[in-house]
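> need coordinates for the below:
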Amino acid sequence: MDLIALRTAVEDEIENYVYEIHPEAIGQPLSQEWVGAQLAAMRASLVQPAWRDIRIRDSYEQVMGTAECEIRSCVLVADDQEGYELYFDPAQGNFVLAYSGNPPVTFNVRGDAVGCFMAR
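Here you go, the predicted structure:
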């Protein structure tokens, strides 16, 4: 995996992100100010991509302790320094948010880089 290309792809996703308001959605749309602040926070949280082992705890059974949690090598791409880290999971081909720790632990927030980061 090309870590420089991954970093570039994440930077491009931030720069080209467009918040879409869905008319069928329930609740109030997020303000453009909030979205802009989140994109700025994500830019500031980007780190040099690095391989790290993380604990995959995405299913209900894994959370409840009735299923084994897998340790998987993923690529750290952002750390907000407030307890959340964003990884690229090559096994799933998507990004995943994790609680900081030793090892970091996922909680089934997966998808695109910006969407995962904003879910903090």
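
> state the phi and psi torsions of Gln56.
Gln isn't right for residue 56; it's Ile. phi -90, psi 110 (degrees, to the nearest 10).

> and the gap between the closest residue to it other than its chain neighbours and Thr8?
Leaving aside its sequence neighbours, Ile56 sits nearest to Glu70 (C-beta to C-beta, 6 or more residues apart in numbering; 4.5 Å). Backbone N, C-alpha and C define where each C-beta goes, glycine included. From Glu70 over to Thr8 the distance is 29 Å, taken as C-beta to C-beta, to the nearest Å.

> one more: Phe107?
As defined by C-beta to C-beta, Phe107 lies at a distance of 27 Å from Thr8.

> any chance you could map the helices in this protein?
3-15, 32-45, 60-64, 113-118 (DSSP state H).

> quick check, pLDDT for Val63.
The confidence metric pLDDT takes the value 86 at Val63.

> pretty sure it sits against Arg57.
Yes. Between Val63 and Arg57 there is a contact under C-beta atoms under 8 Å: 5.9 Å.
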